[in-house]
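Visitor: Here's my sequence, what's the structure:
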Amino acid sequence: MHAITGSGWIEVISGSMFSGKTEELLRRLRRAEIAGQEIAVFTPALDDRYGETTIGTHNGRSWEANVIDNEGEGPWDIRDRLNGEMVVAIDEANFFSDALVEVCQTLAEDDRRVIVSGTDQTYRGEPFDPLPDLMAVAEYVDKLQAICAECGEPATRNQRLIEGEPAHADDPTILVGAEESYEARCRDCHVLRRD
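Guide: This next block holds a predicted model:
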């Protein structure tokens, strides 16, 4: 609960891949843990890069998490699995359905601190639902930047690579991967094949 207003709130940590979103989420969780707050962490079933019940960073930090179905009403399982925890963390929000927005609103209205992290753009450079809607209703939003793998400028885009080449615009939106499939790129270095 927020000490000043006596209410809950939503925090969103967004940005491109390799910008440190999950690392920032874990930093906030460590601080809540130090403060003696009860924490519940959730991750989508689709993202098992760091183990099925773990959220993790590209540099090896991790935290145990509850796995939630990504589709349809699955995000409501987050509310149903709580046992009084007042800090609720949700990683990789971009892999959940739009129902996640209402779930987060409900949790905040129940005086909980809700911390959400996720990629805010698809590899096409388009908004990645439900992040835009979560950012609109959140009290706090941090958009992190990575470093462009091509030129070293601040990067806000996800460059999907297939056998080392930029992906085509018609490829599926979701492809779970890391360094083998993606690079962070700035606007000028981001390439989307349309041929």
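Visitor: After the longest helix along the chain, heading C-terminal, what element do we hit next?
Guide: Longest among the helix segments of the chain by residue count, using DSSP state H, is helix 21-34. The helix or strand immediately downstream of helix 21-34 is strand 39-44, counting by DSSP states H and E.
Visitor: contacts for stretch 63-78?
Guide: For stretch 63-78, the external contacting residues (Cβ atoms under 8 Å, 6 or more residues apart in numbering) are 26, 29, 40-46, 52-56, 81, 88, 90-91, 95-97, 99-100, 103, 107. (Each C-beta comes from the backbone N, C-alpha and C, glycine too.)
Visitor: Can I get that stretch in PDB, CA atoms only?
Guide: Written as PDB, here are the backbone C-alpha positions of stretch 63-78 (Å, rounded to 0.1, in the frame of the first residue of the first chain):
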ATOM      1  CA  TRP A  63      13.700 -15.400  -9.000                       C
ATOM      2  CA  GLU A  64      11.200 -18.300  -8.500                       C
ATOM      3  CA  ALA A  65       7.800 -17.600 -10.100                       C
ATOM      4  CA  ASN A  66       4.400 -19.000 -10.500                       C
ATOM      5  CA  VAL A  67       3.600 -20.000 -14.100                       C
ATOM      6  CA  ILE A  68       0.400 -18.700 -15.600                       C
ATOM      7  CA  ASP A  69      -1.400 -19.600 -18.900                       C
ATOM      8  CA  ASN A  70      -0.900 -16.800 -21.400                       C
ATOM      9  CA  GLU A  71      -4.200 -16.800 -23.200                       C
ATOM     10  CA  GLY A  72      -7.800 -15.800 -22.600                       C
ATOM     11  CA  GLU A  73      -8.800 -15.600 -19.000                       C
ATOM     12  CA  GLY A  74      -5.400 -17.100 -17.800                       C
ATOM     13  CA  PRO A  75      -4.200 -13.800 -16.300                       C
ATOM     14  CA  TRP A  76      -7.100 -14.000 -13.800                       C
ATOM     15  CA  ASP A  77      -5.200 -16.900 -12.300                       C
ATOM     16  CA  ILE A  78      -2.800 -14.400 -10.900                       C
END
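Visitor: what about that stretch, distance to the chain center?
Guide: Averaging C-alpha positions (Cα atoms, centre = their mean, to the nearest Å) puts stretch 63-78 13 Å from its chain's average.
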